[in-house]
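>>> Sequence and predicted structure below; questions after.
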Amino acid sequence: MDIQTRKSPRLKDYDYSINGAYFITICTANREKIFWADCRGELCSPANAPLSYIGAIVDNEIKKMNTVYDAVQVDKYCIMPDHIHFIISISADENGRSQIAPTISRIIKQFKGSITKQVGKPIWQKSFYNHGIRNQSDYKEIWEYIDNNPLKWCEDCFYKE
């Protein structure tokens, strides 16, 4: 019997620790909607949906990323019901230290692991999507996509009332 192997979403021979910005999307296992609290009524909309207990853990871990690594900065993010988007920038250490920046894969592995430990069970899909941001125009387009994503949730193919 042939066993299917997953196609890696990473570029072969690309150094994911070099200076630059990266657009990351991470989904929950089975696209389970666990990051937003169940809210109903006119005051509750995708633009201001309250986070669930697990969503709050994710939010805290994203904010902590800026302090875990000297060379890593989360520039922008949004937490959707079943996935998260963020822009991570890796830059040289301004103190001139010869610290080797972690790879995007290592950052995401530690991020997912910390949340899994706090939640007490696995909640993530096996991999994640990443896109190396090529220029300022690409960066701006992704920034706007992240800003507008919650507003378009009702149009998403995974949205169900």
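That came through fine.

>>> quick one: contacts for residue 128?
Residues near residue 128 by Cβ atoms under 8 Å, 6 or more residues apart in numbering: 9, 24-27, 108. (Glycine included, C-beta is placed from N, CA and C.)

>>> so which of those residues comes closest to residue 129?
Nearest to residue 129 among these is residue 25, at 4.1 Å by Cβ to Cβ.

>>> Against residue 132, how distant is that closest one?
14 Å (Cβ to Cβ, to the nearest Å).

>>> got it, and residue 114?
24 Å.

>>> neighbour count winner among the two?
For residue 114 versus residue 132, neighbours defined as other Cβ atoms under 10 Å are more numerous around residue 114 (17 against 14).

>>> now residue 33, what's its secondary structure?
At residue 33 the chain is in coil, as set by DSSP: H, G, I helix; E, B strand; the rest coil.

>>> Quick check: pLDDT value at it.
You'll see residue 33 listed with a pLDDT of 90.

>>> cool, residue 80 as well?
At residue 80, the pLDDT value in this model is 90.

>>> what's near enough to touch it?
By Cβ under 8 Å, 6+ apart, the contact list for residue 80 reads 35-36, 149-150, 153.

>>> Kindly reformat the residues you listed as JSON lines containing neighbour count, distance to residue 54 and secondary structure.
Listed next are those as JSON lines, based on neighbours: other Cβ atoms under 10 Å; distance: Cβ to Cβ, whole Å; DSSP: H, G, I helix; E, B strand; the rest coil:
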{"residue": "35", "neighbour count": "23", "distance to residue 54": "6", "secondary structure": "coil"}
{"residue": "36", "neighbour count": "20", "distance to residue 54": "10", "secondary structure": "strand"}
{"residue": "149", "neighbour count": "18", "distance to residue 54": "19", "secondary structure": "coil"}
{"residue": "150", "neighbour count": "19", "distance to residue 54": "17", "secondary structure": "helix"}
{"residue": "153", "neighbour count": "17", "distance to residue 54": "17", "secondary structure": "helix"}
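
>>> Nothing else from me, thank you.
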